[in-house]
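Asks: pasting the sequence and the predicted model now:
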Amino acid sequence: MFFWLLIKDRLSTREILRRKNMDLQDYNCILCNGSTEDSLLHLFLGCPFATQCWAWLNIQVDHNSDPFQNLLGFKEQLRVPFFMEVIILMCWTTWKAGNDKIIRQIDQNLQISKQNFRDEFQLLLLRTKRSYHPGITQWIVDLT
């Protein structure tokens, strides 16, 4: 559901809240503390924090490409059959990082996001066939 909302531009980013005339003190990205408005493109592809998270997965974001070209590039860079799960979980991890900073006032860093990503992937393993576990588990171990 989360990723469907993301690709349909329906996640409640600050940009969307502004379009819906919600009054906020600041519409800029909470993760990079920059002067860039918090939009889907910025939050998941353009934000330096998100770029760091993708780089940890050995994925380079092409800031000159559109989002769908970036998805195809991510698939080619990952070269694993579960590439969509990786992409969705990293987007989810980034989304949660922003929410944790806003709601819980927890400062985010790459180490926290790495652990959150690994935790989410462990939950994903509970829903996968046992025969897939060795390859996925090895991929996760190789990230460290």
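Replies: Everything's here; your move.

Asks: hey, C-alpha coordinates of the worst-scoring helix or strand of the chain on mean pLDDT in PDB?
Replies: When each helix and strand of the chain is scored by mean pLDDT, DSSP states H and E, helix 14-19 comes last, with a mean of 80. Below are the C-alpha coordinates for helix 14-19, written out as PDB (Å, rounded to 0.1, in the frame of the first residue of the first chain):
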ATOM      1  CA  ARG A  14       5.000  18.600   3.000                       C
ATOM      2  CA  GLU A  15       4.500  19.600  -0.700                       C
ATOM      3  CA  ILE A  16       1.200  17.800  -0.800                       C
ATOM      4  CA  LEU A  17       0.100  19.200   2.500                       C
ATOM      5  CA  ARG A  18       0.900  22.700   1.200                       C
ATOM      6  CA  ARG A  19      -1.200  22.000  -1.900                       C
END
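
Asks: how about it: buried residues?
Replies: Residues of helix 14-19 classed as buried by neighbour count (16 or more other Cβ atoms under 10 Å): Arg14, Glu15. The C-beta positions use only the backbone N, C-alpha and C, and glycine is treated the same way.

Asks: who touches that helix?
Replies: Helix 14-19 is touched from outside by Asp9, Arg10, Leu24, Asp26, Tyr27, Asn28, Cys29, Glu37, Asp38, Ser39, Leu40, with contacts defined as Cβ atoms under 8 Å, 6 or more residues apart in numbering.

Asks: which one of those is nearest to Arg127?
Replies: Within the contacts of helix 14-19, the smallest distance to Arg127 is 24.4 Å, found for Arg10 (Cβ to Cβ).

Asks: for the closest residue to that closest one other than its chain neighbours, give its distance to Leu24.
Replies: Nearest non-adjacent residue to Arg10, counting by Cβ to Cβ, 6 or more residues apart in numbering: Ile16, 7.6 Å away. Between Ile16 and Leu24 the distance is 11 Å, computed by Cβ to Cβ, to the nearest Å.

Asks: contacts only, for Trp54.
Replies: By Cβ under 8 Å, 6+ apart, the contact set of Trp54 is Gln60, Val61, Phe74, Met90.

Asks: which secondary structure element is home to the last one?
Replies: Meaning Met90. If you go by DSSP states H and E, Met90 is part of helix 83-103.

Asks: quick check: buried residues in that helix?
Replies: 83, 85-87, 89-98, 100-101.
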